[in-house]
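S.K.: Pasting the sequence and the predicted model now:
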Amino acid sequence: MTAIMEPAMEPSFDVSSVVSLPEDSFLRAFNRAGVLAPADVHVALRIGRLGGDDDELVALAVAFAVRAPRVGHVRVDLGHVRETAEGEVEDEVDLDSLPWPDPDEWARRVAASSLVAVGDDDGAGTAGVAPIRLVGSALYLDRYWRDERAVAADLVRRAATEPGEADFSQLSVSIERLFGGEEDGEQRLATAVAALRGLAVVAGGPGTGKTTTVARIIGLLASRAEDAGFELPLVALAAPTGKAANRMQEAVHAAASSMEVSETTRAHLLGLEAATVHRLLRARPDSASRFRYNRRNRLPHDVVIVDETSMLSLWLMARLVEAVRRDARLVLVGDPEQLASVEAGAVLGDIVGPASKGLRMSSTARSQLEAATGVVVPVPPAGQSEKGGSAIGNGVVVLRTNHRFAGALAALAAGIRSGSADAVVAALGTGDPNVEWLPVDAAEADQTQLDPVRRLACDTGERLVRAAQAGEGEVALDALGSWRILCAHRRGPAGVAAWNARVEQWLSAEVEGYSADGEWYVGRPVIVTANDYSLRLFNGDTGVVVARQPAGVTAAFERGPISPSRLSGVDTVYAMTVHKAQGSEFDQVAVVLPQPTSRILTRELLYTAVTRAKARLLLIGTEEAVRAAVERPIARSSGLTERLWVG
């Protein structure tokens, strides 16, 4: 099972060519406009036939409910779908010209349908098995309503659990010993929260120390157990992709080497192995949607820590939280500003909720943290500290101090997060050598305009090729990991395929002995596109084809050399999509923006792309495209934030 997918654009054609629909049908009108895809219409009609309901307004509502997960939403709000649909259609559409039903009449007709269960209670009888659920004006497919409800209930229950200790002075001693003279108050708070609560959420952007905090959380829990004479906790490290899991494992091991802990605790940290969430839950060979570990057979671990949580869909989060023991700690780590899962939901953003603008803790939780860390916890504006009485806020800490970015890179990331297009354009135009902006349309630019990208590709590419020709796999991998071109799309003139071909042409013209002929040419960088557990290669892993002495080639990966004949799913990777780059970082990054009208061009995509750069960014895109991205945040329809924070 692949851990992450690329967003796919489904072509919209006239469904009436295969389904008989009246000329004035709602479904036909919305399908022809490209708002509803053929699959949306087919499923809606099928459900109507099976349920014996031929009301066309009900069919239209069901089609929108089916469409919602396809475009990333958990549900559709019948009262506001007209306003939100515009940004989700690939082509420009005059939505006002479509025959939108009156929202009140629409909701009334839907509520009266036998296909629909009304309200948020899981009633018995027909209502309990209806395929569609209406809560207020929000319409869900039943499975997404159940998953959202289950995730909220599990997280709220866990947030209210306090498996930690009441001896805050002793905990303070342990934290002080762990941090030594370091004064990072945010990381101290996050570490203490994980010791005090059943649910901890460590949020923050790249360079804020999330993974270092993870290592310290484990170090603290292990040290406390060792001091008390207990067995060290059984810890699970997981991430949505194999690449992210490997990076998490490496970072924890690196942090453990210099941490102020006993050799027993250090060995415990160094012995930890990370896995994908799918592998942690043990996918069943007889089912694509069920796991060995579930609500009836829970994971044996005392602590479950998940990195890159922003990439988890609602469905996978539901499967994860139901499998964690009720007395175990769950720690969710990630950046809520990044791209969300390509499937339905923006779970991490929903969980962090109001805490993204400041800690939202009860006075009791705040006092406990201050006693354990010696750090003064800032009090949010009046009336916001205990929003709705939810315990969720007691376990959420957002790391804001950036230890990596400075100068224009930091200003650029901050401008994107704040949604200020003016600030972003200003940061791009400072002349900082670490942020270079080519304000051109990448699809129409000539070679002269793209010369800075060519120089980057050829300088770093030549080092990769020379190492590959010499059979130096580690050097070639280091060269590959130092840079990358990131695109929004896989195809098209500004897409991955076009840029891979362009780099191959540049290198062929400028690097002696380089030739991109054949599938396994020396110097070809490759990315794994599907998990292969037999080879210990995971979706997103990268390698380089290098010369093998005395003859032939091999593919060098971090885990070691592999014969190309054993690789069944790889692509060339001078360039890759921003989605694929999540969880990765590179010294130098060139970001290629698509046309301003591209539906995939969003604030989260731009933020994710530019924050992959550790040292230098080269942005290719018009000012219009930059402004369009910053001003187009992803707004996924979900009820999870309300369930968690309001109750």
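M.R.: Cool, got the structure.
S.K.: Now for Asp302, how many residues are close by?
M.R.: 18 (other C-beta atoms under 10 Å). C-beta here means a position set from N, CA and C on the backbone, and glycine is covered the same way.
S.K.: should've said Val110
M.R.: Using other C-beta under 10 Å, the number of residues around Val110 comes to 25.
S.K.: Would you mind confirming that it makes contact with Ala138?
M.R.: No. Assessed by C-beta atoms under 8 Å, Val110 is found out of contact with Ala138, at 11.0 Å.
S.K.: what's the overlap in contacts for the two?
M.R.: Listed contacts common to Val110 and Ala138 are Leu78; contacts here mean C-beta atoms under 8 Å, 6 or more residues apart in numbering.
S.K.: Run a quick check on Ala443 versus Arg491, I expect a contact.
M.R.: No. The criterion here is C-beta under 8 Å, and Ala443 misses it with Arg491 at 11.9 Å.
S.K.: what stretches of the stretch 251-400 of the chain score poorly on pLDDT?
M.R.: With pLDDT under 70 as the threshold, the stretch 251-400 of the chain has low-confidence stretches at 288, 358, 380-389.
S.K.: can you pull out the helices in it?
M.R.: Assigned by DSSP state H, counting those that start in this stretch, the helices in the stretch 251-400 of the chain fall at 263-270, 277-281, 314-323, 347-352, 363-373.
S.K.: got the ones you listed as a markdown table, with distance to Gln505 and mean neighbour count columns?
M.R.: Converted to a markdown table, those look like this (distance: least, C-beta to C-beta, whole Å; neighbours: other C-beta atoms under 10 Å):
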| stretch | distance to Gln505 | mean neighbour count |
| --- | --- | --- |
| helix 263-270 | 45 | 16 |
| helix 277-281 | 38 | 22 |
| helix 314-323 | 40 | 24 |
| helix 347-352 | 40 | 27 |
| helix 363-373 | 56 | 18 |
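S.K.: Which of these sits closest to Asp422?
M.R.: Asp422 sits nearest to helix 347-352 of all the helices of the stretch 251-400 of the chain, at 24.3 Å, using C-beta to C-beta.
S.K.: which other residues reach that closest one?
M.R.: Defining contact as C-beta under 8 Å, 6+ apart, one finds that helix 347-352 is touched by 151, 155, 201, 203, 309-310, 312-314, 317, 332, 334-336, 340-341, 356, 392, 396, 398, 638, 640-641, 644.
S.K.: Next: stretch 220-229.
M.R.: 165, 171, 174-175, 177-178, 191, 194-195, 231-233, 235, 261-262, 264-265, 268-269, 303, 329.
S.K.: which of the residues in whichever helix or strand Trp145 is part of are buried?
M.R.: Element membership for Trp145 (DSSP states H and E) is helix 142-159. Using 16 or more other C-beta atoms under 10 Å as the test for burial, helix 142-159 gives 142-145, 147-152, 154-156, 158-159.
S.K.: after the worst-scoring helix or strand of the chain on mean pLDDT comes which helix or strand?
M.R.: Across the helices and strands of the chain, the lowest-confidence element by mean pLDDT, DSSP states H and E is helix 126-129, at a mean of 54. Reading on from helix 126-129 to the C-terminus, the next helix or strand found by DSSP H and E is strand 132-135.
S.K.: I'd like the distance from that following strand to the chain centre, please.
M.R.: Distance of strand 132-135 from its chain centroid, counting by C-alpha atoms, centre = their mean, to the nearest Å, is 27 Å.
S.K.: Neighbouring strands - and their directions - for that strand?
M.R.: In the sheet containing strand 132-135, its partner strands are strand 116-118 (parallel), strand 138-141 (antiparallel), by DSSP bridges.
S.K.: Single out the most deeply packed of those strands.
M.R.: Across those, the average number of neighbours (mean count of other C-beta atoms under 10 Å) peaks for strand 138-141, which reaches a mean of 25.
S.K.: Now do it: everything it contacts.
M.R.: Residues outside strand 138-141 that contact it (C-beta under 8 Å, 6+ apart): 61, 64-66, 68-69, 74-78, 110, 116, 131-134, 148, 637, 639.
S.K.: Quick check: strands, which of the residues you listed are part of them?
M.R.: Mapping those onto strands (DSSP state E) picks out Val76, Asp77, Val116, Ile132, Arg133, Leu134.
S.K.: Could you give me the PyMOL syntax to select whichever of those residues are buried?
M.R.: Restricted to buried positions by 16+ other C-beta under 10 Å, the PyMOL selection for the ones in strands among the contacts of strand 138-141 reads:
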select buried, resi 76+77+116+132+133+134
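S.K.: Could you export the ones in strands among the contacts of strand 138-141 as a markdown table, including distance to Pro99 and pLDDT?
M.R.: A markdown table is the format used below for the ones in strands among the contacts of strand 138-141 (distance: C-beta to C-beta, whole Å; pLDDT from 0 to 100):
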| residue | distance to Pro99 | pLDDT |
| --- | --- | --- |
| Val76 | 17 | 92 |
| Asp77 | 19 | 90 |
| Val116 | 21 | 92 |
| Ile132 | 21 | 92 |
| Arg133 | 25 | 93 |
| Leu134 | 21 | 93 |
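S.K.: biggest separation within the ones in strands among the contacts of strand 138-141, which pair?
M.R.: Asp77 and Val116, at 15.0 Å, using C-beta to C-beta across the ones in strands among the contacts of strand 138-141.
S.K.: Quick one: neighbours of Gln447, just the number.
M.R.: 10.
S.K.: and if you look at Arg108?
M.R.: Count around Arg108 with other C-beta under 10 Å applied: 11.
S.K.: quick revisit: narrow the contacts of stretch 220-229 to those in strands?
M.R.: Using DSSP E, the contacts of stretch 220-229 in strands are Val235, Val303, Arg329.
S.K.: Show me what the spatially closest residue to the first one that is not a sequence neighbour bridges to in the sheet.
M.R.: If I follow you right, that is Val235. Leaving aside its sequence neighbours, Val235 sits nearest to Val303 (C-beta to C-beta, 6 or more residues apart in numbering; 4.6 Å). Counting by DSSP bridges, Val303 forms beta bridges with Val235, Arg329.
S.K.: and if you look at Leu139?
M.R.: For Leu139, the beta-bridge partners are Val76, Leu134 (DSSP bridges).
S.K.: returning to that earlier point: distance to Leu299 added to the strands paired with strand 132-135, as CSV?
M.R.: Shown next, in CSV, are these (distance: least, C-beta to C-beta, whole Å):
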stretch, distance to Leu299
strand 116-118, 32
strand 138-141, 28
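S.K.: residues contacting the closest residue in space to Pro564 that isn't next to it in sequence?
M.R.: Of all residues not flanking Pro564 in the chain, Trp520 sits nearest, at 4.6 Å (C-beta to C-beta, 6+ apart). Going by C-beta under 8 Å, 6+ apart, Trp520 touches Val545, Val553, Ala555, Pro564.
S.K.: which element is Asp571 on?
M.R.: Using DSSP H and E, Asp571 sits in strand 570-572.
S.K.: I'd like to know which elements that strand is packed against.
M.R.: Counting contacts by 3 or more C-beta pairs under 8 Å, 6 or more residues apart in numbering; DSSP states H and E, strand 570-572 packs against strand 525-528.
S.K.: Name the strands paired with the strand it packs on and say parallel or antiparallel.
M.R.: Sheet partners assigned to strand 525-528 using DSSP bridges are listed as strand 542-547 (antiparallel), strand 570-572 (antiparallel).
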